[in-house]
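Asks: I'd like to go over a predicted model; first the sequence, then the structure.
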Amino acid sequence: TLLEQEDTYMEILVNKITGLKPDLLLVGRSVGRRAQELLLEQNVVLVQQVKPNLMQRIARQTGATIMSSSDHIMNQFGTNVLGRCRRFRLVTFRCNEALKQQALSKLSGCKS
């Protein structure tokens, strides 16, 4: 069925990504639920909705390659797409005014 084909394709795509052995994956948009589950099974931390200018700064600091599509991971870039940093922290705090929780991501020990 179509759903089975979609699930198989998602597994193939996630396997390509996890084949690179990332600990952290930053994406500019949202990621489907099934892909999130597969990444979690492989212990990959996923950060979604990262703005393009922030993604460029992170790529520059870590030495990572920004890819517009996950379809061409191995063909276009080989295995040299991962950036490096020693530590990733996610800190959640509460804003006093709106009583909303906000998350702050921090990368330290980067390449440059």
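Replies: Alright, I've got the coordinates.

Asks: the spatially most central residue of the chain in helix, strand or coil?
Replies: The chain has residue 25 as the residue nearest its centroid, 1.8 Å off, counting by C-alpha atoms, centre = their mean. Three-state assignment for residue 25 (DSSP: H, G, I helix; E, B strand; the rest coil): strand.

Asks: cool, and residue 103?
Replies: strand.

Asks: residue 45: neighbour count?
Replies: When counting by other C-beta atoms under 10 Å, one arrives at 14 neighbours for residue 45. Where C-beta positions appear, they are placed from N, C-alpha and C, glycine not excepted.

Asks: tabulate the CA atom coordinates of the secondary structure element (helix or strand) that residue 88 belongs to in CSV.
Replies: When elements are assigned from DSSP states H and E, residue 88 belongs to strand 87-94. These are the backbone C-alpha positions of strand 87-94, laid out as CSV (Å, rounded to 0.1, in the frame of the first residue of the first chain):
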residue,chain,number,x,y,z
ARG,A,87,28.9,19.8,23.9
PHE,A,88,25.2,20.4,23.1
ARG,A,89,22.9,21.6,25.9
LEU,A,90,19.2,22.3,25.8
VAL,A,91,18.1,24.6,28.7
THR,A,92,14.4,25.3,29.3
PHE,A,93,13.3,28.3,31.2
ARG,A,94,10.1,30.1,31.9
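
Asks: which helices and strands sit right next to that strand?
Replies: Judged by 3 or more C-beta pairs under 8 Å, 6 or more residues apart in numbering; DSSP states H and E, strand 87-94 is in contact with strand 101-108.

Asks: picking up where we left off before, can you pull the contacts of the residue nearest to the centre of the chain?
Replies: 17, 39, 44, 45, 46, 47 (C-beta atoms under 8 Å, 6 or more residues apart in numbering).
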